[in-house]
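Chemist: All I have is the shape, not the residue letters:
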């Protein structure tokens, strides 16, 4: 599968992969194939949803109102003192872009995606069943788990130590082996959050510093520049921390000293998945649910470090920022990981290795000229040895599962995610295949009967995604406020007047000293507007949350409940309707079992006919396949049927 | 197990039950045993929660305030014209009773119960695994399903008909077999809802008719009388409809003509469970979520049939009514079903049968005097034949599952439900046992490897109960409004002033003509109060929902989301932490499998040693237990391990 790009449109030779690499890697490629194949419908639908947004953007009342310069809405300044008031119509293009991802079709797409996740899991279950049967893995579960040599060694050492020490330190030992792990995980969570917060602080500082720049051109582009650099910073942090966390997870798991290889693997996966996913999703969660929620209101902003205002989302809502953040991190991660980590770094490592070898050869050449002839005929295993060692399929799975997280967790904000994932995977499959065949040493074949803990992680992500999507639709997007306006406050049942309604009034005389704009191009401003539902200054409870605020909040929460329960119910229905075992396989299994029974019966009868003292007496025959029909006592059904008339 | 009441404290002889009655009935009693045993902790905890309510009722501020006659709160009349204003302190006792079931401990009890449900399901899974192994049911799944004779007969008839008719009526046939079922189910849903609504109408009418009674004594007791008779009516309707629905479900399923006995059973159970549970829970759902929600407000009540006001809950909230309704239906159903349906009616049937027989005997005696001698020595099977026929375990399961529904679905409103269920089950087990042994003909033994669809129904109820409990706590009980008051509106952070805060004002001059009280004992009333969060008459938006209303609603919805996700997460954690197969059983299974493998290997080697042309060549040996070790191709792991150094 190298080089030839036509191969991307063919099915994978999964059986051949299994024969050459063993079941574990075979299952990985089969799973990747199923995942990629099933990404096609959501990709198509996602593109349709996006196109629907493009085609209806000109009929969308809120964005038209935002762009309408006649409405002449004066907004409150975005920073203290140096920023001026501004017209709402200046964010017209952002409002239009926001609508592309924040329209009614997105809600249906989010519900579709939770159904799709259920379908995907069921489909993989069926495929795995079939593979299990064809690859002859059904009886594998009975194998004994191997003890890890490291564990045995440590056990020996511990025993020796224990003999020397008193017994009372048992608790301390337990403490010493378990607590560092927990501490380190906590520490890493802290690191991740600090990183996210650090980027936030970077953005806040840069914004306020650049805003002081007197050049109007620089002022205009400051937001864009800061956002872009912030996202790039975020992405770099994510990429670097991911590599760091991978190493730390291995180290921590080794510290925990699990008993068997299987346990080691599971714990490692769990830890690194936890750390890596938190790392990858933390900036996105921040933008989706926290950014701009704690910024305060004009006249009462929230300040950090005494001086810097908390950042707000752009006026058309946080969804467009979430969308940009998500697409950048997802694309950037995939591009960089595919190109740099999976191609460039192995190449560099190989180069370094070759150089080292050359050096070694030269030294050897100087020392032992006579062995030259033997060296020249390089054997295949010599060539193989120069390749990179195989590091397990866990990193491959991890990459894909994190991608699955991007595709499902925030699909409500970015319907194009499945399409990007599909594009990536079509290439990824062949890149991985090429890597396995040509770049690394041939791995030891490992038999395993399923994808193990990864399936549980997939299930967990799918369930969690229902909740995140519910919250994204109701709290990040403007879908619910729009609906509430249309059905509760609108005069004529249309959306006209929504923009006006969603902005609160602020009396500029209420600015604390030093925070009002020092110079302004817009004269005669008494009231400026800001995006929130608060009572206007002329009401008795000025600037407290208004009745609209609470009704919109109630509607948002009601929508979360409705969406979550609907999506969960539908997924359960889908999972229940699709049988776990395909019908053809079930029939096949039945037939085979009957053949086995017949075979055993024949064997038994033969043995009985030949000798009346069989080598293995009946009681030792296990109870679980009781086909010989000499159970004690006889089944009551036979007895009873003769007793009762009728 | 008859008569001796000491037997109630012993474990059931499940193995003996299985030997005598077969696996199906054995599993039923084992399940009932596990369920009853596991009811003990929630019973104890429920009683503790109830006692906590009793001991803290005197320190509960809202009920103290309700009882405080000095506050002198005048409430709006409960019916038009004939009812007078009334003092809030007159419902003091109801408010105190309400607190017993509506205190903070109930919330924790509800969360505990969802964890308990997860534990119960897991525990039963483990027990079933053990029973499956001891009772030798693991290989049962491969049995062929038997076709029902009714199906085969109908098939024959259909074929004959089809031959006669044209093929184009295929759609009509499909239509004729499937649509009546759906129609009937719809019709029965309609009947159930009508019954509930009928009782509501009965209550409304009785209330308004009795209120016109000039006698003040009659007036005072009218509410109590109407509520009690309403509940008794509800209960009777539930009991009668349950029997009717049972019969209709059988008839409908026969109409559907399922192919196999198994399919027939599953469909029947599903239908009758659906109908019976809807029937049992509809009145409770009505009280929990609908009663009093659509009653309107003073001056703008909702009327049905133009004349009758929709019913409201009593002022301390709907929870106490839900509680009474639940306890009455649950207890009444259990008492009546246990005593009347399970003891009295079989006795009556037997009596009737005996009388019929005596008659028959007399006739026979007149006809054939000579056969007297033979008749006198009555055989055991003659005696058995006089007993009732066995009707399957489905009705027994159904009763218990509906009880499980009562225990779990609304446990937040009635923490004593598990205790009542426990009490009932301890008796029920022995009653059922006595019935099976002495009252009915010995059933045909049926082998089955699990409790089948009932497990799924239990899972479904447990999941659904999380949602209902979340809604009961946040919408039926006053828990959330109290919390909101304490943390948002209270002046000093205590509950004092809550009662005052939770009542809205109504200006009596705003009563529509003819609805104000005609005669009144309380003079000088300008404002009366009613339980709702609406703006007072002196505000610009008089009588619209106030800011408090929306904030309380938002808090209620937020609580639903919080509770549902917490309970679901914790149950999932419990289910994940408890392994499905007990450790001892897993070790046992491993050992047995190894013994089987050894046996097969020995057999095979023997056969090979004896002859080189075995009766059954290797390829016919099924792939699923590949123990002979001559797979093609050799596992790559062995090949590879020699290739790569290190």
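Modeler: Structure received. Remember, predicted model here, so these are calculated numbers, not experimental data. Numbers count the residues shown, from 1 in each chain, chains lettered A, B, ... in the order given.

Chemist: Would you mind giving the secondary structure of residue A:235?
Modeler: helix (DSSP: H, G, I helix; E, B strand; the rest coil).

Chemist: ok, now how distant is it from residue A:13?
Modeler: Residue A:235 is 36 Å from residue A:13, where distance means CB to CB, to the nearest Å. The way it works is simple: take the backbone N, C-alpha and C, and place the C-beta from them, glycine included.

Chemist: go on, residue A:438?
Modeler: Between residue A:438 and residue A:13 the distance is 16 Å, computed by CB to CB.

Chemist: So between the two, which is more surrounded?
Modeler: Between residue A:438 and residue A:13, counting by other CB atoms under 10 Å in any protein chain shown, residue A:13 is the more crowded of the two (14 against 11).

Chemist: Need phi/psi at that one.
Modeler: Residue A:13 adopts backbone torsions of phi -80, psi 70, taken as degrees, to the nearest 10.

Chemist: how close does it get to residue A:437?
Modeler: Taking CB to CB as the measure, residue A:13 falls 12 Å from residue A:437.

Chemist: Please apply the same query to residue A:559.
Modeler: According to CB to CB, residue A:559 stands 50 Å off from residue A:437.

Chemist: Also residue A:391?
Modeler: Distance from residue A:391 to residue A:437, by CB to CB: 16 Å.

Chemist: neighbour count winner among the two?
Modeler: Regarding residue A:391 and residue A:437, a neighbour count based on other CB under 10 Å identifies residue A:437 as having more, with 14 against 11.

Chemist: Using the three-state scheme, assign that one.
Modeler: For residue A:437, the reduced secondary structure class is helix; criterion used: three-state DSSP.

Chemist: what do you get for the one 10 residues further on?
Modeler: Classification of residue A:447 using three-state DSSP returns coil.

Chemist: ok, it touching residue A:26?
Modeler: No. The pair residue A:447 and residue A:26 fails to qualify as a contact (CB atoms under 8 Å) at a distance of 10.0 Å.

Chemist: Looking at these two, which one has more neighbours?
Modeler: Neighbours of residue A:447 and residue A:26, each counted by other CB under 10 Å, are more numerous for residue A:26; the result is 23 against 16.

Chemist: Not counting its neighbours along the chain, what's nearest the more buried one?
Modeler: Nearest residue to residue A:26, sequence neighbours excluded (CB to CB, 6 or more residues apart in numbering or on different chains): residue A:18, at 3.1 Å.

Chemist: so how far is the helix or strand hosting that neighbour from its chain's centroid?
Modeler: Using DSSP states H and E, residue A:18 sits within helix A:14-21. Taking CA atoms, centre = their mean, to the nearest Å, one finds helix A:14-21 lying 28 Å from the centre of the chain it belongs to.

Chemist: And that helix, what does it pack against?
Modeler: Helix A:14-21 sits against helix A:23-38, helix B:636-641, with contacts defined as 3 or more CB pairs under 8 Å, 6 or more residues apart in numbering or on different chains; DSSP states H and E.

Chemist: Tell me the gap between the next helix or strand after the longest one and the middle of its chain.
Modeler: Right, the one you point to is helix A:23-38. Towards the C-terminus, the helix or strand next in line after helix A:23-38, according to DSSP H and E, is helix A:40-56. Taking CA atoms, centre = their mean, one finds the center of helix A:40-56 at 22 Å from the center of the full chain.

Chemist: how about the residue most central in space within chain A, what does it touch?
Modeler: By CA atoms, centre = their mean, chain A has its centre lying nearest to residue A:405, at 2.1 Å. Neighbour list for residue A:405: A:277, A:280-281, A:461, A:465 [criterion: CB atoms under 8 Å, 6 or more residues apart in numbering or on different chains].

Chemist: Quickly check: the helix or strand encompassing residue A:483 near chain B or not.
Modeler: Under DSSP H and E, the secondary-structure element containing residue A:483 is helix A:479-484. No. Contact of helix A:479-484 with chain B (CB under 8 Å from any CB of the partner chain) is absent, the minimum separation being 10.9 Å.

Chemist: what pLDDT, on average, does that helix get?
Modeler: Helix A:479-484 shows an average pLDDT of 91 in the prediction.

Chemist: so what secondary structure elements neighbour the particular helix or strand that has residue A:601 in it?
Modeler: Under the criterion of DSSP H and E, residue A:601 resides in helix A:583-610. With contacts defined as 3+ CB pairs under 8 Å, 6+ apart, the packing partners of helix A:583-610 are helix A:104-134, helix B:583-610.

Chemist: Write out the residues of the stretch 301-450 of chain A neighbouring chain B.
Modeler: If contacts are counted using CB under 8 Å from any CB, the residues of the stretch 301-450 of chain A sitting beside chain B are A:381, A:384-385, A:441-447.
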